[in-house]
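**Student:** For reference, the sequence and a predicted model appear below.
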Amino acid sequence: MASEDPHEESIKVCCRFRPQNQLEKEQSGKICITLGDDITSVYVPTIDTSFVYDRVFGSESTQKEVYDYAAKPIINGVLRGFNGTVFAYGQTSSGKTHTMEGPDIEDEVQMGVIPRMVWSIFDGIDHAADYIEFVVKVAIVEIYNERIRDLLDPKKDNLKIHEDKARGVFIGEVTETYVGSEQEIFDMMKVGKYNRSVAETNLNEHSSRSHLIFMMTIEQKNLHDRSLKVGKLHLVDLAGSEKVAKTGASGERLDEAKNINRSLSALGNVINALTDRKSTHVPYRDSKLSRVLQESLGGNAKTSLIITCSPSYFNEQETISTLRFGQRAKMIKNVVKVNHERSVEELKLLLQRRDQIVGDLRHRVSLLEQLLRSNGIPVPEDKGLSLPLPGTASPAPVDEAEKTELEEQLQELRSKLKEKSDEFCEASKEKDDLLSQLQLAQNEQRRLSMEAKNAKEEVENMDYERQEQASELAKLQNEKTALESELEALSKNYTNLFQEKAGTPTNREREREPAMCSRSRAPCLEDKDADRPLKKKVSQLDKNLESLTVMYHKLVAQNSGLKVEVTENDNKIKRKDLRIQQLESNLREAKQKYTKLMTQCANLTAMIDVRGRKNCVCGASGGNSQARRSPAVVRPLRGGVSARVETGLGDPVGTPKATSGSPSERADSPKASSPTSSPVSLRGGTKSRAKAPVYDPPSR
Ligand SMILES: Nc1ncnc2c1ncn2[C@@H]1O[C@H](COP(=O)(O)OP(=O)(O)OP(=O)(O)O)[C@@H](O)[C@H]1O
């Protein structure tokens, strides 16, 4: 948002005394204050102190008088694109609601600040130029027991406060309703009032125990230059500021009273910090109330505080405390500025005008150069249009304010370019890192594949060796079997021969065989000698077979170990492949980001070049070119278009958001709920308006 003439402004503080009520009259009816003739001071005899405000209103003051002085200038400011706040502070039943809303919001005499402001806004819209288009949105919330409740959608009973650079402090997801007439707002006020948390205390039968905040956003679009101004209005009716003990509250009501006191004392602390030069920190975050009112106290808003007091001796202590609060608040200074956003169309128009001036100047220069040449006067070297041409009339007066603004914009663009180039550097670094990681991963993959290949070869070799050994083993076993059967045959032959030689032996002879053998020792020894080489060969074969079996088992074990190794290597390769895929996708993303940034940088550079050139031209010619914002959307004419409820726009509190695009576009933002009707455009000067059906509140 471009700012226009930011300047410091004190908070306007007005003090209003209500007439004594029945209870006070019954107590003694004594008055504890004296109003000064200057209508700006009030004297409290008991403490011998005078308090001075912008205006003091006595018990007979009318609603109109209070509105005209305390609130009307604020609404005029809002219609010019400023933020505005009016809030009422005072003990319970001191007249806050009477002042802010009035006993009857539709009674022309009795209506309070809020309905009067509504009338003034629509009056302002009616009297605005035809080429100004208005969009009005309303939201109503209450802060009750440190929770923010949406009074237009009570299900949302714990709204959160957010803050960002563009929008400032704002209540997220609050229901905002587009309105096209006063009556629609009054209907909404009735809904809000019904939903508002009320409780009974013995000070005021229907005393509100919550802080009420009525928020209104007025967007105005200039259809000629497409510029946009956004004014935010906050109307706040605070809960009673009396001492807890005096309310006679207990249990839940006591907790309520304590929370109310806590938020009001947090508000007091904020005011103290703002007005204490030594203070370095303003505790806005200590309560929801002070946070919501952040922009209104010490920020960008025209603020009016109406302190409401009882004149009765019975409430003297609360009155003195309220008077002190008001006096302190009077010292707060806000820095106010118009929330003005130049549209793309407006900037384009300015650029077109600038281009036209430049074209005219170029033409003029060439004419003058021709003239000089035809008169034999040497034409000075072309140093661009930044040098003033001798003899040429100044094309247009230099508008210093605009020049400064253009320079600011150029500066902004430069810083954006710097930001982008930083981002670009970071992205390039990231890309390099990813590339080197990818390189490392690829090397590792290659190494692992090589290892896996070697391991496979080794396994194959082992398999081959194992097979060879197995076949040799089988051969040896066959040989052994053959030899065994040969041995058996030999031994059979030998037995047969022996039997043939000695006849068939009886059992006794068999028993005597050794003796016989010893008797015929020579042929027995001969047979044994014939057996020996065979047995030797068999035992040798047994040994070979044993060693081959051991070797076979060893090879089998080695083989299974190698198989495990191969599986592990395969897994490693798979993991590496996965990592490589990841890195490749990261690299792809980084490349995309890099390309995007390159494009953005190129665009920004081009824009800066154009700006720089235009600015130079501006320095010389005093033109007024600039281009920055995105377009605002033209809305249909009001009249016949019903209001819609748009939720979740998270509009700023006290600070208008950087609006670009239509409200419906903004409603599509992540926080937004779907709108239930469309925004209503109001043309300045258009008299016809859509009248909404009158709301009939449910009986409580
Ligand atoms: N200036 C006034 N003229 C006439 N009556 C008034 C005035 N101010 C307040 N009253 C009356 O005093 C009573 C209490 O006022 P009101 O409800 O506005 O108090 P309050 O400060 O809003 O209380 P709470 O903190 O409980 O909301 C109401 O009946 C109201 O009509």
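**Tutor:** Arrived safely, thanks for sending.

**Student:** how about the residue in the stretch 51-200 of the chain that the ligand sits nearest to, phi and psi?
**Tutor:** Closest to the ligand within the stretch 51-200 of the chain is Gly95: 2.7 Å, counting by C-beta to the nearest ligand atom. Every C-beta, even on glycine, is put in place using the N, C-alpha and C of the backbone. The phi/psi pair for Gly95 (degrees, to the nearest 10) reads phi 110, psi 20.

**Student:** Pull the contacting residues for it.
**Tutor:** Neighbour list for Gly95: 16, 18, 308 [criterion: C-beta atoms under 8 Å, 6 or more residues apart in numbering].

**Student:** Just to check, the first one is in contact with Pro311?
**Tutor:** No. With contact defined as C-beta atoms under 8 Å, Arg16 does not reach Pro311; the gap is 10.3 Å.

**Student:** related to what we said a few turns ago, return the per-residue confidence for the residue of the stretch 51-200 of the chain closest to the ligand.
**Tutor:** Gly95 is assigned a pLDDT of 93 by the prediction.

**Student:** Ok, the one 4 residues further on next?
**Tutor:** Predicted confidence (pLDDT) for Thr99: 95.

**Student:** For Lys554, pull up the helix or strand it's in.
**Tutor:** If you go by DSSP states H and E, Lys554 is part of helix 521-621.

**Student:** if we can go back for a sec, could you dump the contacts of Gly95 to JSON lines with distance to Ser287?
**Tutor:** Shown next, in JSON lines, are those (distance: C-beta to C-beta, whole Å):
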{"residue": "Arg16", "distance to Ser287": "25"}
{"residue": "Arg18", "distance to Ser287": "27"}
{"residue": "Thr308", "distance to Ser287": "21"}
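
**Student:** quick one: which of those residues has the most company?
**Tutor:** Neighbour counts for the contacts of Gly95 peak at Thr308, which has 29 neighbours (criterion: other C-beta atoms under 10 Å).

**Student:** which stretches of the stretch 601-700 of the chain aren't confidently modelled?
**Tutor:** Scanning the stretch 601-700 of the chain for pLDDT under 70 picks out 612-700.

**Student:** And for the chain?
**Tutor:** In the chain, residues with pLDDT under 70: 1-6, 166, 197-208, 242-261, 340-346, 380-399, 501-530, 612-700.

**Student:** and it, which of its residues are near the ligand?
**Tutor:** Within the chain, the positions near the ligand by C-beta under 6 Å from any ligand atom are 18-19, 21, 90, 92-98, 103, 204, 207-208, 239-240, 308.

**Student:** Mind doing that once more with 8 Å?
**Tutor:** Counting by C-beta under 8 Å from any ligand atom, the residues of the chain close to the ligand are 16-19, 21, 59, 61, 63, 88, 90-101, 103, 201, 203-204, 206-209, 237-241, 308.

**Student:** tally of neighbours for Glu465?
**Tutor:** By the measure other C-beta under 10 Å, the count of residues near Glu465 is 14.

**Student:** That one - nearest residue in space that isn't next to it in sequence?
**Tutor:** The spatial neighbour of Glu465 that comes closest, neighbours along the chain excluded (C-beta to C-beta, 6 or more residues apart in numbering), is Leu555 at 6.5 Å.

**Student:** Also Thr92?
**Tutor:** Using C-beta to C-beta, 6+ apart and skipping the chain neighbours, the partner closest in space to Thr92 is Gly240 (2.8 Å).

**Student:** Pull out the buried positions in stretch 147-160.
**Tutor:** Residues 148-154, 156, 159 are the ones in stretch 147-160 that count as buried (16 or more other C-beta atoms under 10 Å).

**Student:** How about stretch 553-566?
**Tutor:** Those buried within stretch 553-566 under the rule 16+ other C-beta under 10 Å are 555, 562, 565-566.

**Student:** list the helices and strands the helix or strand hosting Val459 packs on?
**Tutor:** For Val459, the host element (DSSP H and E) is helix 400-502. Packing partners of helix 400-502 (3 or more C-beta pairs under 8 Å, 6 or more residues apart in numbering; DSSP states H and E): helix 521-621.

**Student:** The helix it packs on vs helix 400-502, what angle?
**Tutor:** 170 degrees (axes from the mean of the first three to the mean of the last three C-alpha atoms, to 10 degrees).

**Student:** what packs against helix 521-621?
**Tutor:** The elements that helix 521-621 packs onto, with contact taken as 3+ C-beta pairs under 8 Å, 6+ apart, are helix 344-374, helix 400-502.

**Student:** what do you get if the cut-off is 10 Å, keeping everything else the same?
**Tutor:** Judged by 3 or more C-beta pairs under 10 Å, 6 or more residues apart in numbering; DSSP states H and E, the packing partners of helix 521-621 are helix 344-374, helix 400-502, helix 513-519.

**Student:** Next secondary structure after the host helix or strand of Gly192?
**Tutor:** Taking DSSP H and E as the definition, Gly192 sits inside helix 182-195. Using DSSP H and E, the helix or strand that directly follows helix 182-195 along the chain is strand 211-222.

**Student:** and that following strand with helix 182-195, angle?
**Tutor:** Inter-element angle recorded for strand 211-222 and helix 182-195: 160 degrees (by the same axes, to 10 degrees).

**Student:** relative to helix 344-374, how tilted is strand 211-222?
**Tutor:** Using the same axes, to 10 degrees: strand 211-222 against helix 344-374 is 30 degrees.
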